[in-house]
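>>> no sequence for this one, just the structure:
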């Protein structure tokens, strides 16, 4: 197999379970869930205000993923084992 | 020429002048050592922080056309037009992770366009060129649409002549835009986006608070809209979705969300940001615009309740649905506030038009000029070439408007979405896997593009009496696979883009399997795993503005 990656090197996919939260906002495309008139809010049919509420759900999920993954290292460079290099190139950081 | 609305016009021109000055000043704003490099001219030095990126991407995606056409769609067709809201809700969670990878790999290899990435990933000129051309072709009508938005405002201001005279104000506005984009590059729209968005936020918030209270509240607005749609003979409109258009609504929202960040201009906004954190923050903060968009969309119903009538376009003799929102503002607001609202829409056209022309110019320069015409172009020559290309692209868009009925350019935009979706396997999936074969991706592109166009060609629009390219809603009944019609008799509609994309993916997989069996060379991959995770503070990070 010519995968273009000699020695079957890992692709470096870093996955956090928090990322699964990103699936939740997609429920807003399931139209049978909300294509109704009642209950109304401020005179607005359910169809409309439900989707406005969907914005909040989207924001909560993306924000949660951001906050929960921001301190996780994204690559192997800059991790503890490269401490010695950091001492050498301390000014680079 | 009909009567000019002077107070509105004066405020419009004043705000336009402010923006013009900003556009020229922008060249010195956060300037690097030189503007003679695509990293600087085309990506603003790759150092925009969270706020600038928020305004830039927001200014990029929520365009004058959105502000004018989405409410017009609700005004004309009802609930179906509201798809724009779920579309922007699902877009950010979907692209959150892929965009981070695209940013990292582009930062570590100095890619400026999506086609640059494909070139680096597969080493294939053919595939990269296909992606570049697709991007340019999909962007051009999008720029033209910004002009449609701007023109609908100018028409409401009283510039509603036919022929060349009718387009003159638009042309003047565009020459100004072209010159400062040439001068300042991406920094110009980034700086102007602040003004644009502040104006738009003020106008929309005032509109959605003031107008409903004036017209008896949301309940009476919705019942007025309901009454209007009940009275029309068409079965496809209404304030709720019906059995036939629910699937269309969902697939249009989902497909458009997938397409959103494949557009070269949205990639430009992302690549211009400083680091991964900036992008993550923005994926959480950008939905603030969705709220705005949803409220704005509802102004289409407000216009129904207010009894607004679209202005007749003197050039075509038909009512121009895009004038609904400008007309609503003109009727309901005092003239000074109408002037501000019009300036907001007008400037709202300039920001995305500038970013789009820069993105198209980057594609031309990096993936066609440097690839085929002048392989050893220096960074300075590249920047010069991109500046010139940005002018040509903009005047090409003006030509669209001058010579083509605006109604037709809106259909072109719809085609643009289907077109750009066909780059998804090569650009988005390749961020994760190199399993696909070059020839699989090329074959998928050809089939997706070809079939998508055939399907679009065969969709009529009964409302405007056109037989072809009448919309993006395809009745399942029409799906025909070499004589096999799986959904015969079904009137349920689906978005053409996802149908074409499905065909694209199936072909890409099949051809990949065959090509791999036959051990056909699959190019060289310049990228490696860790490239997809670099971040702004990494050591040994590639310097900006070098080759």
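Thanks, I have it. Since the model is a prediction, treat every value here as computed from it, not as a measurement. Residues are numbered from 1 along each chain as shown, chains lettered A, B, ... in the order given.

>>> quick one: low-confidence ranges for chain A?
Low-confidence segments of chain A, defined by pLDDT under 70: A:1-14, A:72-93.

>>> give me that answer again for 80
Chain A contains residues with pLDDT under 80 at A:1-16, A:37, A:40, A:70-93.

>>> what about the helices in it?
A:46-69, A:83-88 (DSSP state H).

>>> check which residues of the longest one are buried.
By neighbour count, with 16 or more other C-beta atoms under 10 Å in any protein chain shown as the criterion, the buried positions of helix A:46-69 are A:46-52, A:54-55, A:57-59, A:61-63, A:65-66, A:69. Just so you know, the C-beta spots here come from the backbone N, C-alpha and C atoms, and that holds for glycine as well.

>>> near chain B too, which of those?
Near chain B, judged by C-beta under 8 Å from any C-beta of the partner chain, the entries from these are A:47-48, A:51-52, A:54-55, A:57-59, A:61-63, A:65-66, A:69.

>>> among those residues, which two are most distant?
The span of those, defined through C-beta to C-beta, is set by A:47 and A:69 at 33.8 Å.

>>> tell me the buried residues in the biggest helix by length in chain B?
The longest helix of chain B (DSSP H) is helix B:125-157. Counting neighbours by 16+ other C-beta under 10 Å, one finds that the buried residues in helix B:125-157 are B:127-157.

>>> does stretch B:495-515 come close to chain A?
No. Using C-beta under 8 Å from any C-beta, stretch B:495-515 stays clear of chain A, coming no nearer than 10.3 Å.

>>> what comes up buried for that stretch?
For stretch B:495-515, the neighbour count (16+ other C-beta under 10 Å) marks B:495-501, B:503-505, B:507-509, B:511-512, B:515 as buried.

>>> nearest to chain A, of those?
The shortest approach to chain A among those belongs to residue B:515, at 10.3 Å (C-beta to the nearest C-beta).

>>> contacts only, for that closest one.
Shown in contact with residue B:515 (C-beta atoms under 8 Å, 6 or more residues apart in numbering or on different chains): B:437-440, B:522.

>>> buried subset of those?
When the contacts of residue B:515 are checked against 16+ other C-beta under 10 Å, the ones flagged as buried are B:437-440, B:522.

>>> for chain A, state which of these is nearest.
Using C-beta to the nearest C-beta, residue B:522 comes nearest to chain A of the buried ones among the contacts of residue B:515, at 5.9 Å.

>>> in contact with the residue lying closest to that closest one once chain neighbours are set aside, which residues?
Nearest residue to residue B:522 in three dimensions, chain neighbours excluded: residue B:437, at 5.3 Å (C-beta to C-beta, 6 or more residues apart in numbering or on different chains). Applying C-beta under 8 Å, 6+ apart, we find residue B:437 in contact with B:511-512, B:515-516, B:520, B:522.

>>> with distance to residue B:485 and pLDDT as added columns, please give the residues you listed in a markdown table.
Formatted as a markdown table, the contacts of residue B:437 follow (distance: C-beta to C-beta, whole Å; pLDDT from 0 to 100):
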| residue | distance to residue B:485 | pLDDT |
| --- | --- | --- |
| B:511 | 25 | 94 |
| B:512 | 28 | 92 |
| B:515 | 31 | 90 |
| B:516 | 32 | 88 |
| B:520 | 34 | 83 |
| B:522 | 36 | 82 |
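
>>> how about the helices in the stretch 351-500 of chain B?
With DSSP state H, counting those that start in this stretch as the criterion, the stretch 351-500 of chain B has helices at B:379-403, B:406-421, B:424-427, B:438-457, B:496-517.

>>> just the stretch 101-250 of chain B next, same as before
In the stretch 101-250 of chain B, the segments counted as helices under DSSP H, counting those that start in this stretch are B:114-122, B:125-157, B:163-184, B:187-214, B:217-231, B:246-260.

>>> report the angle between the fifth one and helix B:187-214.
Just to be clear, that refers to helix B:217-231. Per axes from the mean of the first three to the mean of the last three C-alpha atoms, to 10 degrees, the angle that helix B:217-231 makes with helix B:187-214 is 90 degrees.

>>> and the contacts of helix B:217-231?
With contacts defined as C-beta under 8 Å, 6+ apart, helix B:217-231 is touched by A:40, A:42-45, B:78, B:212, B:215, B:237-239, B:298, B:301-302, B:304-305.

>>> could you redo the last one with a cut-off of 6 Å?
Helix B:217-231 is contacted from outside by A:42-44, B:78, B:212, B:215, B:237-239, B:301-302, B:304-305, using C-beta atoms under 6 Å, 6 or more residues apart in numbering or on different chains.

>>> returning to what we had before: looking at the helices of the stretch 101-250 of chain B, which one is packed in the most?
When the helices of the stretch 101-250 of chain B are scored by mean count of other C-beta atoms under 10 Å in any protein chain shown, the highest mean neighbour count falls to helix B:114-122 (a mean of 26).

>>> now do that helix, average pLDDT.
Mean per-residue pLDDT for helix B:114-122: 92.

>>> stretch B:250-264 too?
What stretch B:250-264 shows for mean pLDDT is 90.

>>> for stretch B:438-458, which positions count as buried?
By neighbour count with 16+ other C-beta under 10 Å, stretch B:438-458 contains the buried residues B:438-445, B:447-449, B:451-453, B:455-456.

>>> hang on, I meant stretch B:295-311
The neighbour-count criterion (16+ other C-beta under 10 Å) identifies B:295-306, B:308, B:310-311 as the buried residues of stretch B:295-311.

>>> go on, stretch B:285-294?
Neighbour-count burial for stretch B:285-294 flags B:285-287, B:289-294 (criterion: 16+ other C-beta under 10 Å).

>>> need those in CSV (columns: distance to residue B:416 and pLDDT).
Shown next, in CSV, are the buried residues of stretch B:285-294 (distance: C-beta to C-beta, whole Å; pLDDT from 0 to 100):
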residue, distance to residue B:416, pLDDT
B:285, 27, 86
B:286, 21, 87
B:287, 24, 84
B:289, 21, 84
B:290, 21, 87
B:291, 26, 87
B:292, 23, 85
B:293, 19, 87
B:294, 23, 89
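
>>> which of those are close to chain A?
Filtering the buried residues of stretch B:285-294 for proximity to chain A by C-beta under 6 Å from any C-beta of the partner chain leaves B:287, B:290-291, B:294.

>>> for the stretch 401-547 of chain B, what are the low-confidence residue spans?
For the stretch 401-547 of chain B, the stretches flagged by pLDDT under 80 are B:401-414, B:460-491, B:537-547.

>>> residue of it with the smallest distance to chain A?
Chain A sits closest to residue B:529 of the stretch 401-547 of chain B, with a gap of 2.9 Å, by C-beta to the nearest C-beta.

>>> neighbours around residue 28, how many?
By default, I'm working from chain A. When neighbours are counted by other C-beta atoms under 10 Å in any protein chain shown, residue A:28 registers 24.

>>> should've been chain B
When neighbours are defined as other C-beta under 10 Å, residue B:28 has 10 of them.

>>> chain neighbours aside, what residue packs nearest to residue B:55?
Closest residue to residue B:55 apart from its sequence neighbours, by C-beta to C-beta, 6+ apart: residue B:193 at 4.1 Å.

>>> just checking, that neighbour touches residue B:53?
No. Contact criterion C-beta atoms under 6 Å: residue B:193 and residue B:53 do not qualify, at 10.0 Å.

>>> count of neighbours near residue B:376?
Other residues within reach of residue B:376, judged by other C-beta under 10 Å, total 6.

>>> roughly how far does it sit from chain A?
27 Å (C-beta to the nearest C-beta, to the nearest Å).

>>> got the phi/psi numbers for that residue?
Here is the backbone geometry of residue B:376 (degrees, to the nearest 10): phi -100, psi 30.

>>> quick check: residues of chain B near chain A?
Residues of chain B lying close to chain A (C-beta under 6 Å from any C-beta) are B:85-86, B:89-90, B:92-93, B:96, B:217-219, B:240-241, B:246, B:249-250, B:253-254, B:280, B:283-284, B:287, B:290-291, B:294, B:434, B:522, B:525, B:529-530, B:533, B:535, B:538-539.
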